[in-house]
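[1] Give me a 3D structure for the following:
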Amino acid sequence: MAAAVTRVIHRCEDAQENQNLDLSNCQLMQVPDAVYHLMRHTELKTCDLSDNVITKIPPKFAAKFNLITDLNLSHNQMSKLPDECAEMGSLERLDISHNTFIALPNCIFKIPKLRYLNASNNHIVDIEVECLKEAPSLEIADFTNNPIAPRIHEALSNITTIRISLSEREKEDWEDLTI
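    Here you go, the predicted structure:
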């Protein structure tokens, strides 16, 4: 445990110099309060929290790190994001792949500069398609390897303003009338 704490502190010190906070592979269950303290005078550009066991990020995360352009939350155990993420005014890239989301958080659609979203490899069944279409800057969204409901899958396939990646939809048994 001490080694993990030391690693987090060293990575925060690195981030004070290069504005890129890399806390991937630190066995984190949450963002430690010490990180907010250590980073209070640093304008972070990127934050990598991938490959941890984080279940949620707190509302203050969005407030404290509202200047980051790239946020990687992949390979964690998250199923939701705080509404405050909508206030991350500089965020352009968000990776929430390989988590436990069953629905896409609505705050994502409100992030003003978000251009790229990776939500692949989750358990997403439902996506608010109308909200997605109204996302202010979204250009690319990856929803591959999710059990998206048939009507949502079809609606997503019809969107032309955003480049959306979807897995080939498995036909339900009842849909295959050749049996």
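[2] quick one: K60 and Y36 touch, right?
    Yes. At 6.9 Å, K60 counts as touching Y36 under the criterion of CB atoms under 8 Å. Placement of C-beta: from N, CA and C, glycine included.
[3] Give me the next element, helix or strand, following the longest helix along the chain.
    The single longest helix within the chain, with elements called by DSSP state H, is helix 2-18. Elements were assigned by DSSP states H and E; along the chain past helix 2-18, the next helix or strand is strand 20-22.
[4] What pairs with that following strand, parallel or antiparallel?
    Take DSSP bridges as the rule and strand 20-22 pairs in its sheet with strand 46-48 (parallel).
[5] May I see the buried residues of the helix or strand following the strand it pairs with?
    Beyond strand 46-48 in the direction of the C-terminus, DSSP H and E gives the next helix or strand as helix 59-64. Of the residues in helix 59-64, those buried by neighbour count under the rule 16 or more other CB atoms under 10 Å are 61-62, 64.
[6] Figure out the helix or strand that E154 lives in.
    Here E154 sits within helix 150-157, counting by DSSP H and E.
[7] which one of the buried residues of helix 59-64 is nearest H153?
    H153 lies nearest to A62 out of these, by CB to CB, at 30.0 Å.
[8] For N99, see how far away I57 is.
    Between I57 and N99 the distance is 11 Å, computed by CB to CB, to the nearest Å.
[9] Next, show the common contact partners of these two.
    Taking CB atoms under 8 Å, 6 or more residues apart in numbering as the contact rule, I57 and N99 both touch 73, 78.
[10] Please tabulate the buried residues of helix 59-64 in TSV and include distance to R115 and pLDDT as additional columns.
    Rendered in TSV, the data for the buried residues of helix 59-64 read as follows (distance: CB to CB, whole Å; pLDDT from 0 to 100):
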residue	distance to R115	pLDDT
F61	20	95
A62	18	93
K64	22	92
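[11] Name the nearest residue to R163, ignoring sequence neighbours.
    By the measure of CB to CB, 6 or more residues apart in numbering, the closest residue to R163 outside its immediate chain neighbours is I140, 4.8 Å from it.
[12] what's the offset of stretch 13-22 from the middle of its chain?
    Using CA atoms, centre = their mean, to the nearest Å, the distance from the centre of stretch 13-22 to the centre of the chain it belongs to is 20 Å.
[13] Kindly provide the whole-number mean pLDDT of that stretch.
    Per-residue pLDDT over stretch 13-22 has a mean of 96.
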